[in-house]
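**Q** Below are the sequence and a predicted model for it; my questions follow.
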Amino acid sequence: MKILLTNFRSPWDPLAGGGQAATDELARALVARGHAVTAVFGGEPAPVNPPYTVAWVTPSTRPVVAALRIARRVRALADDIEPDVIHASGFEGAFLPRGRVRAMTTHHPDLPPWAPPSWASPCSRVRYFRWNQVAWMEREGLRKADVAFFVSAAARDRAAARGYGTSRPRVVPNGVDVAAFSPASDRETTDAPTVMFAGRMDDQKGVDVLLRAASCLSPRTKLRLAGGGWKEAEYRRLAAELGLGETVEFLGQVPRTELPGLLRSASVVAVPSRYENLPLSVLEGMACGVAVVASRVGGVPEMMDDGVEGTLVPPEDPEALGAALARLLGDRDLAARMGAAGRRRVLTEFTWDSVAARIEAAYGEVLR
């Protein structure tokens, strides 16, 4: 098939998240399965050479403008390559033209309830659409899609309950590169108890909860935080206030190629999010054979079973998070068993080839 993928942000942008990484990995997996893939990304051209064709669109901080620019570029490309599938990776799906199949994946972690005021209050209705642009475009994209992919059953059910209907929903999780994210060799292991976090520095990811949990751990424990964001300065101040200056290390934005090594060197991976869809950080920790302690939110319980591949804790509960981390840091055999179980589960359920095969099958069903 000829497949045209889109994403409003480049996978190689410094602010790229799991949705952008997933679009890149899906494109690579579809190429490996014999398909011709073109991707349209918002952003500046990056010095990369992926195995698929990339077309660039000038980025915009205004979602509607970004989506319209991508749609214009897709229409021009579609006239040339006549794609079988046009597959959006987010809100830009609202304006994309039809291919033989129009598909969309929503990576949104927490779509708000859709409840615009009636036309009896036109000013209120206009304000509502203005302040909920992304949600409106996600809803339009899902409504128009011939097949809509949700990366967790929790996200599918929440979207339906909140007014984001679609005619042909499919639950297909994100995957993980099991060659890049693999267990540590002996030379990569360390005796120092280390907790690793990788993600954005914002309210969603719960870094403040993790810092408060870390203040209850042994002073020997190292906490490494990879990622940047608008709350990084605030979290640095909180770490200082909690007396964590000697134990916490802010790594800033880390190139994706360096992330597997950081995860492999950890004793435990922490994912203390307040809300999530299907976080790649959980999959990446499991793929590296490291036990994971994560908040019981969104699709996380679909990825790992409590007490098997790691430990699930309530969100926004530093005491529970600290206790779970302390237990695994103090019992290396238990942590090793959980890490090995996580690797086995990833190989069974979350390889990108298996994910691409399920998406390919959904495309084929619509084409038939």
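**A** That came in fine, so what should we check first?

**Q** Name all residues that make contact with the closest residue to residue 206 other than its chain neighbours.
**A** Computed as C-beta to C-beta, 6 or more residues apart in numbering, the closest residue to residue 206 that is not its neighbour in sequence is residue 272, at 3.7 Å. In short, each C-beta sits where N, CA and C put it, glycine included. Under the criterion of C-beta atoms under 8 Å, 6 or more residues apart in numbering, the neighbours of residue 272 are 197, 205, 206, 207, 209, 210, 213, 293, 294, 295, 315, 321.

**Q** make it 10 Å
**A** Taking C-beta atoms under 10 Å, 6 or more residues apart in numbering, we find residue 272 in contact with 197, 199, 205-213, 293-295, 297, 313, 315-318, 321, 325.

**Q** so where's this structure shaky on pLDDT?
**A** 186-190 (pLDDT under 70).

**Q** how does it look with 50?
**A** Scanning the chain for pLDDT under 50 picks out 187.

**Q** Please, where are all the strands along it?
**A** Counting by DSSP state E, the chain has strands at residues 2-7, 36-42, 53-57, 85-88, 101-106, 147-150, 169-171, 194-198, 222-226, 248-252, 268-271, 291-295, 310-313.

**Q** among these, which is nearest residue 136?
**A** strand 101-106 (13.1 Å; C-beta to C-beta).

**Q** can you count the residues close to residue 251?
**A** 16 (other C-beta atoms under 10 Å).

**Q** which residues touch it?
**A** Per C-beta under 10 Å, 6+ apart, neighbours of residue 251: 196, 197, 198, 224, 225, 226, 227, 228, 258, 259, 262.

**Q** The strands of the chain into JSON lines, with extra columns for distance to residue 182?
**A** Shown next, in JSON lines, are the strands of the chain (distance: least, C-beta to C-beta, whole Å):
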{"stretch": "strand 2-7", "distance to residue 182": "26"}
{"stretch": "strand 36-42", "distance to residue 182": "25"}
{"stretch": "strand 53-57", "distance to residue 182": "27"}
{"stretch": "strand 85-88", "distance to residue 182": "28"}
{"stretch": "strand 101-106", "distance to residue 182": "26"}
{"stretch": "strand 147-150", "distance to residue 182": "26"}
{"stretch": "strand 169-171", "distance to residue 182": "26"}
{"stretch": "strand 194-198", "distance to residue 182": "15"}
{"stretch": "strand 222-226", "distance to residue 182": "18"}
{"stretch": "strand 248-252", "distance to residue 182": "21"}
{"stretch": "strand 268-271", "distance to residue 182": "14"}
{"stretch": "strand 291-295", "distance to residue 182": "16"}
{"stretch": "strand 310-313", "distance to residue 182": "18"}
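
**Q** Which of these sits closest to residue 364?
**A** Among the strands of the chain, strand 101-106 comes nearest to residue 364, with 9.0 Å by C-beta to C-beta.

**Q** Give me the distance between that closest one and the centre of its chain.
**A** Centre-to-centre, strand 101-106 and its host chain are 17 Å apart (C-alpha atoms, centre = their mean, to the nearest Å).

**Q** between it and strand 2-7, how big is the angle?
**A** Relative orientation of strand 101-106 versus strand 2-7 (axes from the mean of the first three to the mean of the last three C-alpha atoms, to 10 degrees): 30 degrees.

**Q** So which elements touch strand 101-106?
**A** strand 2-7, helix 18-32, strand 85-88, helix 133-144, strand 147-150, helix 153-161, strand 169-171, helix 352-367 (3 or more C-beta pairs under 10 Å, 6 or more residues apart in numbering; DSSP states H and E).

**Q** same thing but 6 Å
**A** When contacts are defined as 3 or more C-beta pairs under 6 Å, 6 or more residues apart in numbering; DSSP states H and E, strand 101-106 packs onto strand 85-88, strand 147-150.

**Q** do you know which of the strands of the chain lies nearest residue 302?
**A** The nearest among the strands of the chain, by C-beta to C-beta, is strand 169-171 at 8.7 Å.

**Q** Partner strands of the closest one and their direction?
**A** Applying DSSP bridges, strand 169-171 is found paired with strand 147-150 (parallel).

**Q** which parts of the strand it pairs with are buried?
**A** Across strand 147-150, burial judged by 16 or more other C-beta atoms under 10 Å covers 147, 148, 149, 150.
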